[in-house]
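Peer 1: What would the 3D arrangement of this be:
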Amino acid sequence: MTHIHPQLLEDCIVLGRFPLSHLLLSKDANYPWFILVPDRDGISEIYQLSEGDQQQLIRESSRLSRLLADCFKADKMNIAALGNVVPQLHIHHVVRYRDDAVWPGPMWGAVPAKKYSDTALRQLLEQVKGLLSEVDGFRAALLILDETD
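Peer 2: Numbers count the residues shown, from 1 in each chain. Here you go, the predicted model:
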């Protein structure tokens, strides 16, 4: 198992695993913001993954995007792999709304990060736990189980 970059661990909560990727939740409450981190060492770009892993990543990203868009009633899903600050390959999945803080502009650094309240985080974790409970191959992290049980 590859290690998740320390900056991602500082900025996110580990929610669990898909067959290829770790699923993280950004601690920035401005947007429902999730991150997939493929469990592969030394990978910074999608093209560096094997063809099979590329296909698996697209499946996981597409499934996650569809679930998030439906669950959170997204106006738009922003999906990006930047890697300018954190070199480890990670794919952002950000739920966007026409009335969010910076619509229609890019959200990267546009407004200060907003911390989740304990209640809001607990509600979001419960919602996500239910959302992912029916996804084949997803294994929730102990944290998400402990936070909401």
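Peer 1: and the gap between the residue nearest to residue 40 when sequence neighbours are not counted and residue 129?
Peer 2: Among residues not flanking residue 40 along the chain, residue 2 sits closest, at 5.9 Å (CB to CB, 6 or more residues apart in numbering). For every residue, glycine as well, the C-beta is placed using N, CA and C. Applying CB to CB, to the nearest Å, the value for residue 2 to residue 129 is 24 Å.
Peer 1: Same check on residue 34?
Peer 2: Remark: distance between residue 34 and residue 129 (CB to CB) = 13 Å.
Peer 1: Comparing those two, which residue is more hemmed in?
Peer 2: Neighbours per residue (other CB atoms under 10 Å) separate residue 34 from residue 129, with residue 34 holding more: 22 against 17.
Peer 1: buried ones in stretch 40-60?
Peer 2: Of all the residues in stretch 40-60, those buried under the rule 16 or more other CB atoms under 10 Å are 40, 43, 49, 53, 56, 57, 60.
Peer 1: what's in contact with that stretch?
Peer 2: Contacts with stretch 40-60, where a contact means CB atoms under 8 Å, 6 or more residues apart in numbering, come from 2, 18-21, 36, 38, 81, 83, 87-89, 91.
Peer 1: taking these one by one, which sit in strands?
Peer 2: 21, 36, 38, 91 (DSSP state E).
Peer 1: Looking at strand pairing, list the partners for the last one.
Peer 2: If I follow you right, that is residue 91. residue 36 (DSSP bridges).
Peer 1: Could you tell me how many residues sit around it?
Peer 2: 22.
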